[in-house]
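Engineer: Take a look and give me a structure for this.
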Amino acid sequence: MQALMISDLHLTPSRPGIARAFLSFLAHTAPEAQQLYILGDFFEYWVGDDAMEPFHEDIASALKNYREAGHDIYFMPGNRDFALGRTFLKKAGMTWLNDPSLVTLNGETVLLMHGDSLCTGDPHYLRYRRIIRNPLVINILRMTPLGYRKNLGRKIRENSQRAKQTKSPAIMDVTPGEVVKVMGKHQVVTMIHGHTHRPAIHDLTLTNGQGAKRYVLGDWEEKGWFIRADNNRLTLESFDIV
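Structural biologist: Below you'll find the model as predicted:
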């Protein structure tokens, strides 16, 4: 197997079953692949590498063991864990992957994204995203007291949950026109992303009339979702989380 892609695990100590499912996946499925791509929202939230608990250390250790066994791990930030820093990356043996990024899978150039930037129907979120993801803002936040960052992170999550209750499903999904625009910009016919929690494979037509596919990873809740790149094809797969 060439590569595996996952996203939206939302790992947190309060959801130990999801962590156990990931560690099992890392031990039994992931070793078949040469590369593991984590496309954002790996953790439920991240307020700084200095806030790591034993839970996060255990995840980092498992990833580092996987890396030392000869596999490459690439981490792309999501809207929940964009502040993950160099300390954790080093402990986990992961390589930072910008959003978006072009990679080669099965001899084809494929566009990888977290997916939140495709949701252009929600201008308020995109405005917030531009501000909070600004490197200057991130650096300033990292210098604030840890207690302040934890409170801020909790308020952001609470506001996000309240906002979801009032937004229409269409607003929280990607904008089809933006997908076509981004794929045309990067000159690809295959896109893979997460974020929307709507696992599916979509067929679409680009502006030049060429057929294309958009693969959407699911979040890990009742099922664990992943994309397998192998034997010159991409497959969207899942397993039950018990």
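
Engineer: worst-scoring helix or strand of this protein, pLDDT-wise?
Structural biologist: helix 146-166 (a mean of 84; mean pLDDT, DSSP states H and E).

Engineer: helices or strands up against that helix?
Structural biologist: Helix 146-166 sits against no helix or strand, with contacts defined as 3 or more C-beta pairs under 8 Å, 6 or more residues apart in numbering; DSSP states H and E. Any C-beta I mention is one placed from the backbone N, CA and C, and that applies to glycine too.

Engineer: Show me what it is in contact with.
Structural biologist: 44-48, 50-51, 125, 141, 172 (C-beta atoms under 8 Å, 6 or more residues apart in numbering).

Engineer: shaky segments in the protein?
Structural biologist: Scanning the chain for pLDDT under 70 picks out the ranges 1.

Engineer: Emit the ChimeraX select command for whichever of the contacts of helix 146-166 are buried.
Structural biologist: The buried subset of these, as determined by 16 or more other C-beta atoms under 10 Å, is captured in ChimeraX by this line:
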select :44,45,46,47,48,125,141,172
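
Engineer: centre of the chain versus the least confident helix or strand of the chain, how much separation?
Structural biologist: In terms of C-alpha atoms, centre = their mean, to the nearest Å, the centre of helix 146-166 is set 19 Å apart from its chain centre.

Engineer: Let's see which of the contacts of helix 146-166 end up in helices.
Structural biologist: Using DSSP state H, 125, 141 are the members of the contacts of helix 146-166 that sit in helices.

Engineer: quick revisit: so which bits of the least confident helix or strand of the chain are buried?
Structural biologist: 149, 153, 156.

Engineer: Show me which of the residues you listed is closest to Pro13.
Structural biologist: Gly153 (14.1 Å; C-beta to C-beta).

Engineer: any idea how far that closest one lies from Arg127?
Structural biologist: 19 Å (C-beta to C-beta, to the nearest Å).

Engineer: and if you look at Ala163?
Structural biologist: From Ala163 over to Arg127 (counting by C-beta to C-beta), the distance is 13 Å.

Engineer: which residues does Leu11 contact?
Structural biologist: With C-beta under 8 Å, 6+ apart, Leu11 has these contacts: 18-19, 22, 42-44, 55, 59.

Engineer: Secondary structure and distance to Asp8 for the residues you listed - can I get that in a markdown table?
Structural biologist: Below are those laid out as a markdown table (DSSP: H, G, I helix; E, B strand; the rest coil; distance: C-beta to C-beta, whole Å):
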| residue | secondary structure | distance to Asp8 |
| --- | --- | --- |
| Ile18 | helix | 10 |
| Ala19 | helix | 14 |
| Phe22 | helix | 12 |
| Phe42 | coil | 8 |
| Phe43 | strand | 10 |
| Glu44 | coil | 10 |
| Phe55 | helix | 18 |
| Ile59 | helix | 15 |
